[in-house]
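> Make a model of this:
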Amino acid sequence: MDWSILLLGALPLLVFVIVDSFSTMRHAVIGALAAAALEIGYSLYAFGEIDEFSIVSVALIMLFGGLSLKLGDPIYFKFKPVVLALVLAGTFFVTYALGNPLLVMAVERYGKTLPESAQRMLSLPEVQIVFERASLFMGFGLIAHAGVVAWAALRLGNWWWLAARSVGFYAMMVLVVLISRAW
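Below is the predicted model:
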């Protein structure tokens, strides 16, 4: 699997933290916006289109980055992942309730980019069931993750906030998968 796809979404936030550590908040937000443009370019290059998730993510970076610049407070930028997680949690719940779980749709859409052996594994009925369950549990995991990131944004420094957002997100995903397999 190409891990750069998963890590790319954290790039604007990483740029923000690094630049904010050495320069002004204004430069940090502008750097994050430039990194978001790279995310869009990579999505276009890798998939031949800009997916909805990238569009929403970049729009939120622009909105919350703009608020941070206008109001002179980085907390607005730091709440971008919180809002994105809550929107995504709602999407997981709605698609699950409508009988078309989001992770199953993602595997159908992006599974073709994986090696053939992975494609065969993902098509197994027992794996599909895990993805269906994980779609429901991911909604709850994203709500919990949003709470942790909001707390870190309000109470901790930039680097801890970034760790809660990035490492915490991947830890939550692993936990969701483990719960989905055991359920």
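> domain parsing for the protein?
Domain ranges of the chain: 1-78, 83-183, per automatic domain parsing.
> Show the average pLDDT along the longest one.
So the one you mean is domain 83-183. Mean per-residue pLDDT for domain 83-183: 84.
> ditto for the shortest one
For domain 1-78, the mean per-residue pLDDT is 78.
> isn't W183 right up against E132?
No. The pair W183 / E132 is not scored as a contact, 10.6 Å apart, by C-beta atoms under 8 Å. Heads up, the C-betas are built off the backbone N, CA and C, glycines and all.
> Which one's more surrounded, the two?
A direct count of neighbours by other C-beta atoms under 10 Å for W183 and E132 places E132 higher, at 17 against 11.
> how far away is that one from M138?
Distance, E132 to M138, by C-beta to C-beta, to the nearest Å: 11 Å.
> what residues does stretch 173-183 touch?
By C-beta atoms under 8 Å, 6 or more residues apart in numbering, the surrounding residues in contact with stretch 173-183 are V130, F131, R133, A134, F137, M138, G141.
> continuing past the lengthiest helix in the chain, what's the next helix or strand?
Criterion DSSP state H: the longest helix present in the chain is helix 125-155. Downstream of helix 125-155, the next assigned helix or strand under DSSP states H and E is helix 158-165.
> What angle do helix 125-155 and that next one make with each other?
160 degrees (axes from the mean of the first three to the mean of the last three C-alpha atoms, to 10 degrees).
> Packing partners of helix 158-165?
helix 11-22, helix 125-155 (3 or more C-beta pairs under 8 Å, 6 or more residues apart in numbering; DSSP states H and E).
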